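Engineer: I need the structure of the sequence given here:
(chains A and B)
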Amino acid sequence: MRRSILPVFAHRLAILCYIVFALFPLFWLLKVSLTPNDLLYSEGVRMWPSRTTFEHYAFVLQHSAFPVFFKNSVIVSGSTAIAVTIIASLSGYALSRFTFRTKYWIVGLMLLTQMFPLVMLVAPIFKILTPLGLTNSLTGLVVVYTAFNVPFATFLMQSFFDGIPKDLEKAAMIDGATRFIAFRQIILPLTLPGIAATLGFVFTAAWSELLFALMLINGNNAATFPVGLLTFVSKFSVDFGQMMAAGVMALIPAALFFLLIQRYLVQGLTAGAVKG
Amino acid sequence: MASITIDNLAKSYGTYSVLQGVNLEIKDGEFIVLVGPSGCGKSTLLRMIAGLEEVTSGEIRIDASRVNERHPKDRDIAMVFQSYALYPHMSVARNMSYSMRLRKASKEKIEAAIAGAASKLGLEPYLERRPKALSGGQRQRVAMGRAIVRQPKAFLFDEPLSNLDARLREQMRAEIKKMHGDLKATSIYVTHDQIEAMTLADRIVAMHGGLVQQVGSPLELYDRPANLFVAGFIGSPGMNFFEGTRHSDGVRLADGTLLKVQLPPGADDEQGITVGIRPEHVELSAEGVGATVDLVEPTGFGIILHLSLNGVDLKVFTSDRAFLTPGQQVSVSFPTHHLHFFDAGGNRILR
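Structural biologist: Residues are numbered from 1 along each chain as shown, chains lettered A, B, ... in the order given. Presented below is the predicted three-dimensional model:
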């Protein structure tokens, strides 16, 4: 049977359009970061400047607080991602495997937390964190981000655990493992795609979070990268070139992170566990 | 190896009762098959013995010591699952040796155990493969290998052959039987397939509605079913049943025929009675009752005839390849020594 070329072509074209649409802002980011200041406004709208420069990158690295922001962001996002993933693995497993009396209420409460606009919570959280000395500190941010991300991550992990046959840990327990050892040695390795997805999701969420970072942190020492970007906005002008250069560099860890975990994101490790 | 005692075991989920007072005495080295339709509680019973389900009431004893509260890992049993439940991220060798590695056995011992099980099951070429690179039959062999390596007090099988195709099932059935002959291990095997039950069991436990209906050797259940359920469940094609009433000199069937049989003196006349006869015991003979052929099912080994006898359906199995077509008239007779009688409560009437 010969398939008509037209639907295939239309399909590819649609995908191409989507890719262009999705990547264009990133391209623009890169383009502006490489455009010398004197050409930024003088050349009009062009797809590529007539002359490129790395001066913005050099300035951002040498004369701004960007390295500090960057380090803070890595610490905050990394700690949040790890803490959330550990907690969500355990709670997701519990929701997936056990029935207990308060399960219904716990799930309901976790859903409830997802329904509030975050802006509403800024003031109460600030009030709670101040006496604890957690404002203006990276620890405070990690705590807040962890609290916000755990419910969603729990549901995410639960769905991955639901996909793993219960017979596997039963077999492990009969083989002589405790439930925790069965969880660690049998179930967790099979949930690696889920763990990778959760890590990636939480990492990027924390990496780009602005609202709480802005409200809870003042001063450059504990500022994360999204807050730091705002320092390129001064009273009378915006340093677009430097801001974009900082933005491009901030993309690198997120991109690297996904490069590292994408193997697990696409790999179906459970194949062959049960009859398929 | 060990003996297992089940004492008045019950299980309920909330108000829903799955098992209601099961008693069973399993001797050391015995092969017991739990058989019954789905939902009869056989798998629940097995999982309770394994420690995967909590006991509502009653007691399970392995080698005379109570194990109700014992964690599965401390019961020293092995289980083969219908889904195989192999660890997908481990090689065949590591799958089989997982229990020994958990017990921190020495490397030499582990290797010897793997080699032993692999040669018994013909798995040597596959030891380094992952389960997903194996066929269904090979996966089930690995699952059995894992059980053998464990050197348990008892083997539990939860419908291990249900996922295999017919040919492979037959082959694995023979292998399980051979393995049991070699190891002499106490085994409990759950299936809904009565052929598996008949061929494998030392004793069959027929279950229905959370209750044990009959315990006995395969032929005992076949020849002397204790009640209507067992009579109907064991045997394929299934037993024929006719409704009738009790008379002083025999049983009067619904169509008016009087069967002259000697029944032990029991309750009053006119009591409802069910008469059963296996399809292979009905004789096609020159003299007898006339019946019409409805359907002919050749099996190669013989033929199954679906007959209509005065409006009542009747199945007959004959190994004689009589050429019959639907609509034809045949006459059948019922040798009285092959008849089974059940009272109004469904229980066998002893003769």
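Engineer: So the spatially most central residue of chain A: helix, strand or coil?
Structural biologist: By Cα atoms, centre = their mean, chain A has its centre lying nearest to A:T204, at 1.5 Å. State at A:T204, reduced to three classes by DSSP: H, G, I helix; E, B strand; the rest coil: helix.
Engineer: How many residues are close by the closest residue to it other than its chain neighbours?
Structural biologist: Leaving aside its sequence neighbours, A:T204 sits nearest to A:A254 (Cβ to Cβ, 6 or more residues apart in numbering or on different chains; 5.7 Å). No exception for glycine: its C-beta is placed from N, CA and C like everyone else's. By the criterion of other Cβ atoms under 10 Å in any protein chain shown, A:A254 has 16 neighbours.
Engineer: Equivalent analysis for the one 3 residues further on, please.
Structural biologist: The burial metric for A:F257, expressed as a neighbour count using other Cβ under 10 Å, is 19.
Engineer: packing partners for the helix or strand containing it?
Structural biologist: Using DSSP states H and E, A:F257 falls within helix A:240-266. If you count contacts as 3 or more Cβ pairs under 8 Å, 6 or more residues apart in numbering or on different chains; DSSP states H and E, helix A:240-266 packs onto helix A:5-34, helix A:37-40, helix A:55-63, helix A:66-97, helix A:192-207, helix A:225-229.
Engineer: Okay, buried residues for stretch B:202-213 please.
Structural biologist: Across stretch B:202-213, burial judged by 16 or more other Cβ atoms under 10 Å in any protein chain shown covers B:203-208, B:210, B:212-213.
Engineer: can you check stretch B:164-184 too?
Structural biologist: For stretch B:164-184, a neighbour-count test (16+ other Cβ under 10 Å) marks B:164, B:169, B:172-173, B:175-176, B:179-180, B:183 as buried.
Engineer: near chain B, which residues of the stretch 101-250 of chain A?
Structural biologist: Counting by Cβ under 8 Å from any Cβ of the partner chain, the stretch 101-250 of chain A comes close to chain B at A:165, A:167-168, A:170-178, A:181, A:186, A:189-190.
Engineer: Would you mind writing the PyMOL command to select the buried ones in these?
Structural biologist: This is how PyMOL selects the buried members of those, with burial counted by 16+ other Cβ under 10 Å:
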select buried, chain A and resi 165+167+168+170+171+172+173+174+175+176+177+181+186+190
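Engineer: with the residues of the stretch 101-250 of chain A next to chain B in mind, which one is nearest to B:M239?
Structural biologist: A:D167 (35.4 Å; Cβ to Cβ).
Engineer: helix, strand or coil for that closest one?
Structural biologist: helix.
Engineer: Which residues of the stretch 51-200 of chain B lie near chain A?
Structural biologist: So the stretch 51-200 of chain B meets chain A at B:51-52, B:71-73, B:75, B:77-79, B:81, B:83-89, B:98-99, B:102-103, B:130-134, B:136, B:139, B:146, B:150, B:163 (Cβ under 8 Å from any Cβ).
Engineer: are any of those residues buried, and which?
Structural biologist: B:51-52, B:72-73, B:75, B:77-79, B:81, B:83-89, B:98-99, B:102, B:130-132, B:134, B:136, B:139, B:146, B:150, B:163.
Engineer: picking up where we left off before, which of the residues of the stretch 51-200 of chain B next to chain A fall within strands?
Structural biologist: Among those, the ones falling in strands (DSSP state E) are B:77-79.
Engineer: Output these as CSV; include the columns distance to A:A123.
Structural biologist: Formatted as CSV, these follow (distance: Cβ to Cβ, whole Å):
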residue, distance to A:A123
B:I77, 59
B:A78, 60
B:M79, 56
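Engineer: Chain A: which of those is nearest?
Structural biologist: B:M79 (4.9 Å; Cβ to the nearest Cβ).
Engineer: Report the closest residue of chain B relative to chain A.
Structural biologist: Closest contact between chain B and chain A, by Cβ to the nearest Cβ, is at B:K132 (2.3 Å).
Engineer: Against A:F100, how distant is that residue?
Structural biologist: 34 Å (Cβ to Cβ, to the nearest Å).
Engineer: again, but for B:T336
Structural biologist: 61 Å.
Engineer: Which one's more surrounded, the two?
Structural biologist: B:T336 (13 against 9).
Engineer: Give me the nearest residue to that one, chain neighbours excluded.
Structural biologist: Excluding its sequence neighbours, the residue lying closest to B:T336 (Cβ to Cβ, 6+ apart) is B:V261, at 5.4 Å.
Engineer: could you say which helix or strand contains the one you found?
Structural biologist: Using DSSP H and E, no helix or strand contains B:V261.
Engineer: Mind picking the two most distant members of the buried residues of stretch B:202-213?
Structural biologist: Farthest-apart pair in the buried residues of stretch B:202-213 is B:R203 and B:G210; separation 19.5 Å (Cβ to Cβ).
Engineer: Okay, now the unreliable bits of chain A?
Structural biologist: Along chain A, the model assigns pLDDT under 70 to residues A:1-3, A:265-276.
Engineer: Where does the record place the domain boundaries for it?
Structural biologist: By the assignment in automatic domain parsing, chain A contains the domains A:1-53, A:64-266.
Engineer: Tell me which of these is the most buried.
Structural biologist: Burial of these is given as mean neighbour count (mean count of other Cβ atoms under 10 Å in any protein chain shown); domain A:64-266 ranks first at a mean of 18.
Engineer: so A:M249 touches A:Y57, yeah?
Structural biologist: Yes: applying Cβ atoms under 8 Å as the test, A:M249 and A:Y57 come out as touching, 7.3 Å apart.
Engineer: For the stretch 101-250 of chain B, which segments count as helices?
Structural biologist: B:107-121, B:136-150, B:166-183, B:194-200, B:218-223, B:228-233 (DSSP state H, counting those that start in this stretch).
Engineer: residues in contact with the fourth one?
Structural biologist: Yep, that's helix B:194-200 we're talking about. B:31, B:33, B:35, B:161, B:169, B:173, B:176-177, B:180, B:189, B:191, B:204, B:218, B:222, B:233-236 (Cβ atoms under 8 Å, 6 or more residues apart in numbering or on different chains).
Engineer: Export it to CSV, keeping only CA atoms.
Structural biologist: Provided in CSV are the C-alpha atoms of helix B:194-200 (Å, rounded to 0.1, in the frame of the first residue of the first chain):
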residue,chain,number,x,y,z
GLN,B,194,-9.2,-28.7,36.7
ILE,B,195,-6.9,-30.6,34.3
GLU,B,196,-3.9,-29.1,36.0
ALA,B,197,-5.4,-30.0,39.4
MET,B,198,-6.1,-33.6,38.3
THR,B,199,-2.7,-34.2,36.8
LEU,B,200,-0.5,-32.6,39.5
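Engineer: Need the nearest residue in space to B:G238, chain neighbours excluded.
Structural biologist: Here the residue nearest B:G238, using Cβ to Cβ, 6+ apart, is B:G232, at 5.5 Å.
Engineer: for that neighbour, what are its contacts?
Structural biologist: B:G232 makes contact with B:238-239, B:241, according to Cβ under 8 Å, 6+ apart.
Engineer: Then A:Q242?
Structural biologist: Residues in contact with A:Q242 (Cβ under 8 Å, 6+ apart) are A:56, A:59-60, A:64, A:232.
Engineer: now, which of those residues sits nearest chain B?
Structural biologist: Once Cβ to the nearest Cβ is applied, the member of the contacts of A:Q242 that ends up nearest chain B is A:V60, at 44.0 Å.
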